[in-house]
Structure formats: C-alpha cells, structure tokens
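Novice: sequence first, predicted coordinates after that:
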Amino acid sequence: MHTTDFITLYIDGQPVSVSQGMTVAAALAHHYSLGITRRSVSGQLRAPVCGMGVCHECRVMIDGQRVLACQTLCRDGMRIDTDINPTPTTILVTEA
Ligand code: FES
C-alpha cells in the first residue's frame with residue numbers, strides 16, 4: 001500500500017490517518033477501541049451493531065450532519081464528532 005492510499009480526517013478534533021475506502025464505523029473502531037459513536041439520551045455509549053444500515057446504532061455527526069457510520073466512506077478532511085464525554089479511554093468497564 002502506498003502513502004497516497006491514506007487520507008486524514010478528524011475525530012473529535014484529533015487528526016487520524018485512515019485507509020481510503022474505509023467506513024467511518026471502521027475508522028471509529030480503529031480510533032476508539034470499542035467503536036463508540038455517541039451517547040444515547042439516557043447517557044449510554046452506543047456503537048455499531050449490524051454493520052449494514054439496519055439498527056441505526058452507529059449514528060454519528062459528520063460535518064454537521066447525522067449519518068450512519070457503517071454506510072459512510074471516509075473522505076479526506078471529514079470532521080467526525082461523537083458526543084462522548086469523558087473519552088473512552090477514561091471509561092471503566094464493569095462485569096455484570
Ligand atoms: S451498525 Fe447498524 S446501522 Fe450502522
């Protein structure tokens with residue numbers, strides 16, 4: 001793979017280099033290990049489930065528009081905004 005096969009986009013303001021042709025869901029999974037896209041109205045973290053445009057769990061803001069991350073290919077300069085706060089690296093996972 002050549003370096004021209006990579007593009008740069010921004011996830012929550014951080015520049016991220018990804019392969020051309022990658023979906024936004026894959027880019028989020030690469031950047032945030034759980035692939036988290038947003039928080040629900042009750043505050044729960046949401047992430048892609050079906051990967052084929054059915055469940056809508058992967059909704060995320062891209063350049064000000066709410067889209068399905070699993071159905072959207074990454075573009076150079078794209079701005080992806082999750083409303084994750086705190087960031088996933090500070091979230092504690094507990095067993096049920
Ligand atoms: S993961 Fe189900 S619609 Fe995107």
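Specialist: Arrived safely.
Novice: what's in contact with the helix or strand where residue 17 lies?
Specialist: According to DSSP states H and E, residue 17 maps onto strand 14-19. Contacts of strand 14-19 with the rest of the structure, by CB atoms under 8 Å, 6 or more residues apart in numbering, involve 1, 5-10, 26-27, 30-31, 74. Backbone N, C-alpha and C define where each C-beta goes, glycine included.
Novice: residue 75 contacts residue 8, correct?
Specialist: No: counting by CB atoms under 8 Å, residue 75 does not reach residue 8; the two are 10.2 Å apart.
Novice: distance of residue 21 from residue 73?
Specialist: 6 Å (CB to CB, to the nearest Å).
Novice: and the spatially closest residue to residue 66 that is not a sequence neighbour, what are its bridge partners?
Specialist: Excluding its sequence neighbours, the residue lying closest to residue 66 (CB to CB, 6 or more residues apart in numbering) is residue 59, at 5.5 Å. For residue 59, the beta-bridge partners under DSSP bridges are residue 68.
Novice: pretty sure residue 59 sits against residue 68.
Specialist: Yes: between residue 59 and residue 68 there is a contact at 6.3 Å, judged by CB under 8 Å.
Novice: the two: who's more crowded?
Specialist: Taking other CB atoms under 10 Å, residue 59 and residue 68 do not tie; residue 68 has more neighbours (22 against 15).
Novice: residues contacting that one?
Specialist: 53, 56, 58-60.
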